[in-house]
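K.L.:
dropping a prediction and its sequence here:
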Amino acid sequence: MASSASNIVFDDIFTINDIDKEGKKFDRVSRLYAHSKNYDMDLTLDYNIELFPLQKDQSFALALATSLVRGGAAPSGGAGGEEEEKEKDVWRPDGKGRRGLEEDYDYVMYGKVYKFDGGTSEIVTAYASFGGLLMSLTGSFRHMTSIVLGDPVYLLMRK
């Protein structure tokens, strides 16, 4: 597969309009509602408030990526090397894995795109779950052409 220069499939700056507007359901989790600067996207996201505290009117960068490897998929090293190569790309809490995109962000979640809502022909919504923490991203389909239903996805955030 001829990979593009990056594994990032979506990237924008969001400003928080509201947090927990339907009430707080969990101690360490809040739901934020935000709007993006460049692509006019609406985001709803559950996040861990202990790991990544945020406030209303605050801005943050959000990226969605198919892999944490920098600069796209590394070329495969032949028949036997592919599985070994995959292992090196995995983030590990002991710091032994290869350092990747997560180094540039403060908060990272791993999950799956579980639903794609067509809406009108122009506006679509992608839904992802990160171990039960949910995200919905709504906006022009043109900004979400690389987000694929059923694919694993990394969500990366920084203030």
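P.N.:
Received the coordinates, thanks.
K.L.:
where does the prediction get shaky in the chain?
P.N.:
1-5, 72-93, 95, 97, 119-120 (pLDDT under 70).
K.L.:
quickly list what G111 is bridged to.
P.N.:
Beta-bridge pairing for G111 (DSSP bridges): V153.
K.L.:
tell me where this structure has helices.
P.N.:
Secondary structure of the chain, counting by DSSP state H: helices at 81-89.
K.L.:
strands of that one, residue ranges please.
P.N.:
8-19, 29-36, 42-48, 59-65, 107-117, 123-130, 133-140, 152-158 (DSSP state E).
K.L.:
output these in TSV, with distance to S146 and mean neighbour count appended to each entry.
P.N.:
Placement of C-beta: from N, CA and C, glycine included. Listed next are these as TSV, based on distance: least, Cβ to Cβ, whole Å; neighbours: other Cβ atoms under 10 Å:
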stretch	distance to S146	mean neighbour count
strand 8-19	4	18
strand 29-36	16	19
strand 42-48	17	19
strand 59-65	9	20
strand 107-117	11	16
strand 123-130	11	19
strand 133-140	12	18
strand 152-158	10	19
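K.L.:
kindly reformat those strands as TSV containing distance to D94.
P.N.:
Below are the strands of the chain laid out as TSV (distance: least, Cβ to Cβ, whole Å):
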stretch	distance to D94
strand 8-19	26
strand 29-36	26
strand 42-48	21
strand 59-65	22
strand 107-117	16
strand 123-130	22
strand 133-140	24
strand 152-158	19
